[in-house]
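Q: Dropping the sequence and predicted coords here.
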Amino acid sequence: MLLERIENFEIFRPKMDSSKEVLHAIATFEVDISPAFPYMNAELGGWDYDQTNQVLLLKLSDGKWITLDPHKIAMRGARDLEECHALLAWIKGQINEIYDRRDHITPRYVSQAGLKIMEILKLLPMTNCKACGYPTCMAYAAALREGEISLNDCPPLREEKYREKRDKLQTYLESYGWRALDAE
Ligand code: SF4
(Lines give C-alpha, C1' and ligand atoms only; values in the text may rest on other atoms or scores of the structure.)
Protein backbone atom coordinates (compact mmCIF):
# COMPACT_ATOMS: atom_id res chain seq x y z
CA MET A 1 0.00 0.00 0.00
CA LEU A 2 1.52 3.32 -1.10
CA LEU A 3 -0.38 5.67 1.20
CA GLU A 4 -1.06 4.08 4.56
CA ARG A 5 -1.27 6.99 6.92
CA ILE A 6 -2.50 10.58 6.66
CA GLU A 7 -0.63 12.61 9.28
CA ASN A 8 -2.82 15.72 9.16
CA PHE A 9 -6.24 16.52 7.75
CA GLU A 10 -7.44 20.10 7.97
CA ILE A 11 -10.90 21.22 6.83
CA PHE A 12 -11.72 24.91 6.42
CA ARG A 13 -13.94 27.44 4.68
CA PRO A 14 -12.25 29.47 1.92
CA LYS A 15 -10.94 32.70 3.46
CA MET A 16 -11.64 34.70 0.31
CA ASP A 17 -15.39 34.17 0.70
CA SER A 18 -16.37 32.60 3.99
CA SER A 19 -20.04 32.98 3.08
CA LYS A 20 -19.73 30.23 0.46
CA GLU A 21 -21.39 26.98 1.42
CA VAL A 22 -18.36 24.92 0.46
CA LEU A 23 -15.40 23.51 2.33
CA HIS A 24 -11.79 23.03 1.40
CA ALA A 25 -9.47 20.46 2.95
CA ILE A 26 -5.80 19.55 2.99
CA ALA A 27 -4.33 16.19 3.94
CA THR A 28 -0.57 15.80 4.42
CA PHE A 29 1.68 12.78 4.81
CA GLU A 30 5.36 11.79 4.69
CA VAL A 31 5.23 9.21 1.93
CA ASP A 32 5.77 10.34 -1.69
CA ILE A 33 2.65 9.45 -3.71
CA SER A 34 3.88 10.92 -7.02
CA PRO A 35 4.86 7.51 -8.48
CA ALA A 36 1.10 6.85 -8.70
CA PHE A 37 0.34 10.03 -10.70
CA PRO A 38 0.87 8.87 -14.30
CA TYR A 39 -1.29 5.82 -13.60
CA MET A 40 -3.97 7.88 -11.86
CA ASN A 41 -3.87 10.33 -14.76
CA ALA A 42 -4.55 7.42 -17.10
CA GLU A 43 -7.29 5.83 -15.01
CA LEU A 44 -9.09 8.90 -13.67
CA GLY A 45 -8.67 11.28 -16.62
CA GLY A 46 -6.62 13.95 -14.87
CA TRP A 47 -7.50 17.48 -15.88
CA ASP A 48 -3.89 18.62 -15.67
CA TYR A 49 -0.70 16.72 -15.00
CA ASP A 50 2.52 18.69 -14.46
CA GLN A 51 5.17 16.04 -14.66
CA THR A 52 8.04 18.45 -13.93
CA ASN A 53 6.62 19.59 -10.59
CA GLN A 54 4.64 16.40 -9.96
CA VAL A 55 1.20 17.96 -9.56
CA LEU A 56 -1.95 16.17 -10.69
CA LEU A 57 -5.27 17.99 -10.87
CA LEU A 58 -8.53 16.03 -10.95
CA LYS A 59 -11.73 17.79 -11.83
CA LEU A 60 -14.80 16.11 -10.39
CA SER A 61 -18.48 16.83 -10.99
CA ASP A 62 -20.38 19.61 -9.15
CA GLY A 63 -17.42 22.00 -9.09
CA LYS A 64 -15.19 19.82 -6.93
CA TRP A 65 -11.45 19.59 -7.51
CA ILE A 66 -8.69 17.48 -6.03
CA THR A 67 -5.04 18.51 -6.39
CA LEU A 68 -2.35 15.99 -5.57
CA ASP A 69 1.28 16.72 -5.00
CA PRO A 70 3.91 14.33 -3.64
CA HIS A 71 3.07 14.87 0.05
CA LYS A 72 -0.32 16.55 -0.02
CA ILE A 73 -3.93 16.17 -1.14
CA ALA A 74 -5.91 19.41 -1.47
CA MET A 75 -9.67 19.22 -1.98
CA ARG A 76 -11.96 22.04 -3.01
CA GLY A 77 -15.72 22.37 -3.13
CA ALA A 78 -17.09 19.75 -0.70
CA ARG A 79 -20.54 20.64 0.65
CA ASP A 80 -20.04 19.46 4.22
CA LEU A 81 -17.75 17.59 6.62
CA GLU A 82 -19.20 14.26 5.67
CA GLU A 83 -18.40 14.84 2.00
CA CYS A 84 -14.85 15.97 2.89
CA HIS A 85 -14.19 12.71 4.68
CA ALA A 86 -15.83 10.68 1.92
CA LEU A 87 -13.71 12.40 -0.74
CA LEU A 88 -10.54 11.78 1.24
CA ALA A 89 -11.41 8.11 1.69
CA TRP A 90 -12.18 7.85 -2.04
CA ILE A 91 -8.96 9.44 -3.27
CA LYS A 92 -6.83 7.54 -0.76
CA GLY A 93 -8.45 4.32 -2.00
CA GLN A 94 -7.82 5.30 -5.63
CA ILE A 95 -4.14 6.09 -4.96
CA ASN A 96 -3.56 2.70 -3.39
CA GLU A 97 -5.74 0.65 -5.69
CA ILE A 98 -4.39 2.18 -8.91
CA TYR A 99 -0.78 2.02 -7.71
CA ASP A 100 -1.21 -1.66 -6.86
CA ARG A 101 -2.44 -2.29 -10.42
CA ARG A 102 0.23 -0.14 -12.12
CA ASP A 103 1.86 -3.07 -13.95
CA HIS A 104 -1.40 -3.45 -15.90
CA ILE A 105 -1.95 0.25 -16.65
CA THR A 106 -0.33 2.27 -19.43
CA PRO A 107 0.84 5.49 -17.75
CA ARG A 108 -0.36 8.76 -19.27
CA TYR A 109 1.75 11.91 -19.25
CA VAL A 110 -0.52 14.23 -21.24
CA SER A 111 -3.72 15.71 -19.85
CA GLN A 112 -7.04 17.24 -20.81
CA ALA A 113 -5.79 20.77 -20.15
CA GLY A 114 -3.68 20.45 -23.31
CA LEU A 115 -6.79 20.32 -25.54
CA LYS A 116 -7.28 23.40 -27.73
CA ILE A 117 -10.78 24.77 -28.20
CA MET A 118 -10.00 25.84 -31.78
CA GLU A 119 -8.83 22.33 -32.68
CA ILE A 120 -12.09 20.93 -31.32
CA LEU A 121 -14.10 23.57 -33.16
CA LYS A 122 -12.52 22.66 -36.50
CA LEU A 123 -13.86 19.12 -36.10
CA LEU A 124 -17.44 20.18 -35.35
CA PRO A 125 -20.13 20.73 -38.05
CA MET A 126 -19.80 24.51 -37.40
CA THR A 127 -23.41 25.27 -38.33
CA ASN A 128 -24.29 26.93 -34.99
CA CYS A 129 -27.62 25.08 -35.15
CA LYS A 130 -28.06 25.16 -31.32
CA ALA A 131 -29.34 21.55 -31.20
CA CYS A 132 -26.80 20.88 -28.42
CA GLY A 133 -28.35 23.57 -26.25
CA TYR A 134 -25.38 25.91 -26.69
CA PRO A 135 -25.67 29.14 -28.71
CA THR A 136 -22.67 28.35 -30.91
CA CYS A 137 -20.35 25.52 -31.84
CA MET A 138 -17.59 27.48 -30.08
CA ALA A 139 -19.53 27.39 -26.79
CA TYR A 140 -20.09 23.66 -27.24
CA ALA A 141 -16.36 23.16 -27.97
CA ALA A 142 -15.45 24.97 -24.74
CA ALA A 143 -17.87 22.83 -22.70
CA LEU A 144 -16.62 19.68 -24.38
CA ARG A 145 -13.02 20.56 -23.50
CA GLU A 146 -14.06 20.95 -19.87
CA GLY A 147 -15.65 17.49 -19.92
CA GLU A 148 -19.07 18.94 -19.09
CA ILE A 149 -20.80 17.25 -22.04
CA SER A 150 -20.22 14.37 -24.45
CA LEU A 151 -19.96 14.00 -28.23
CA ASN A 152 -23.51 12.66 -28.29
CA ASP A 153 -24.77 16.07 -27.21
CA CYS A 154 -24.13 17.34 -30.75
CA PRO A 155 -26.83 15.49 -32.79
CA PRO A 156 -25.47 16.48 -36.24
CA LEU A 157 -22.18 14.75 -35.39
CA ARG A 158 -24.07 11.46 -35.53
CA GLU A 159 -24.97 12.05 -39.19
CA GLU A 160 -23.07 10.04 -41.79
CA LYS A 161 -21.71 13.12 -43.53
CA TYR A 162 -19.88 14.13 -40.32
CA ARG A 163 -18.60 10.66 -39.48
CA GLU A 164 -15.00 11.46 -40.46
CA LYS A 165 -15.00 14.61 -38.32
CA ARG A 166 -16.49 12.74 -35.38
CA ASP A 167 -13.89 9.97 -35.62
CA LYS A 168 -11.08 12.53 -35.78
CA LEU A 169 -12.53 14.46 -32.85
CA GLN A 170 -12.85 11.31 -30.77
CA THR A 171 -9.22 10.41 -31.52
CA TYR A 172 -8.06 13.95 -30.70
CA LEU A 173 -9.93 14.01 -27.38
CA GLU A 174 -8.76 10.56 -26.36
CA SER A 175 -5.14 11.41 -27.14
CA TYR A 176 -5.31 13.87 -24.22
CA GLY A 177 -7.07 11.46 -21.89
CA TRP A 178 -10.37 13.32 -22.24
CA ARG A 179 -13.45 12.05 -20.49
CA ALA A 180 -16.79 13.58 -19.59
CA LEU A 181 -17.19 14.49 -15.92
CA ASP A 182 -20.08 12.08 -15.48
CA ALA A 183 -18.17 9.19 -17.10
CA GLU A 184 -17.71 6.10 -14.96
S1 SF4 B 1 -25.39 20.83 -32.11
FE2 SF4 B 1 -23.34 20.62 -32.97
S3 SF4 B 1 -23.44 21.75 -34.90
FE4 SF4 B 1 -25.18 22.42 -33.69
S5 SF4 B 1 -24.44 24.22 -32.52
FE6 SF4 B 1 -24.13 22.46 -31.21
S7 SF4 B 1 -22.02 21.86 -31.65
FE8 SF4 B 1 -22.66 23.17 -33.35
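A: Cool, got the structure.

Q: Now the terminal residues of stretch 2-15, how far apart.
A: 32 Å (CA to CA, to the nearest Å).

Q: ok, and for that stretch, which residues are buried?
A: Buried residues in stretch 2-15, counted by 16 or more other CB atoms under 10 Å: Leu2, Leu3, Ile11. Where C-beta positions appear, they are placed from N, C-alpha and C, glycine not excepted.

Q: Also stretch 148-167?
A: Neighbour counts over stretch 148-167 (16+ other CB under 10 Å) mark Ile149, Asp153, Cys154, Pro156, Leu157, Tyr162, Lys165, Arg166 as buried.

Q: Mind checking which of the residues you listed land in strands?
A: Among the buried residues of stretch 148-167, DSSP state E puts none in strands.

Q: Near the ligand, which residues of this protein? Just list them.
A: Contact residues, the chain versus the ligand (CB under 6 Å from any ligand atom): 124-125, 127-132, 134, 137, 140, 154-156.

Q: same thing but 5 Å
A: By the rule CB under 5 Å from any ligand atom, the part of the chain lying against the ligand is Leu124, Pro125, Thr127, Cys129, Ala131, Cys132, Cys137, Tyr140, Cys154, Pro156.

Q: got a list of what the last one touches?
A: This means Pro156. Pro125, Thr127, Cys129, Ala131, Tyr162 (CB atoms under 8 Å, 6 or more residues apart in numbering).

Q: Run through the strands of this protein in chain order.
A: 8-12, 23-28, 48-50, 55-59, 65-69, 72-78.

Q: residue farthest from the centroid of the chain?
A: Lys161 (31.3 Å; CA atoms, centre = their mean).

Q: what pLDDT does that one get?
A: Lys161 carries a pLDDT value of 96.

Q: One more: Leu68?
A: pLDDT, Leu68: 97.

Q: Then Arg101?
A: Predicted confidence (pLDDT) for Arg101: 97.

Q: Tell me how many other residues surround it.
A: Using other CB atoms under 10 Å, Arg101 has 11 neighbouring residues.

Q: Quick check: the spatially closest residue to it that is not a sequence neighbour vs the ligand, distance?
A: Leaving aside its chain neighbours, Arg101 sits nearest to Tyr39 (7.6 Å; criterion: CB to CB, 6 or more residues apart in numbering). Using CB to the nearest ligand atom, to the nearest Å, Tyr39 is found at 33 Å from the ligand.

Q: Can you name the residues that contact Tyr39?
A: Contacts for Tyr39 (CB under 8 Å, 6+ apart) come out as Ile98, Tyr99, Arg101, Arg102, Ile105, Pro107.

Q: ok, the first one - contacts?
A: With contacts defined as CB under 8 Å, 6+ apart, the neighbours of Ile98 are Ala36, Tyr39, Met40, Glu43, Leu44, Ile105.

Q: change it to 10 Å
A: Ile98 makes contact with Leu2, Ala36, Phe37, Tyr39, Met40, Asn41, Ala42, Glu43, Leu44, Ile105, according to CB atoms under 10 Å, 6 or more residues apart in numbering.
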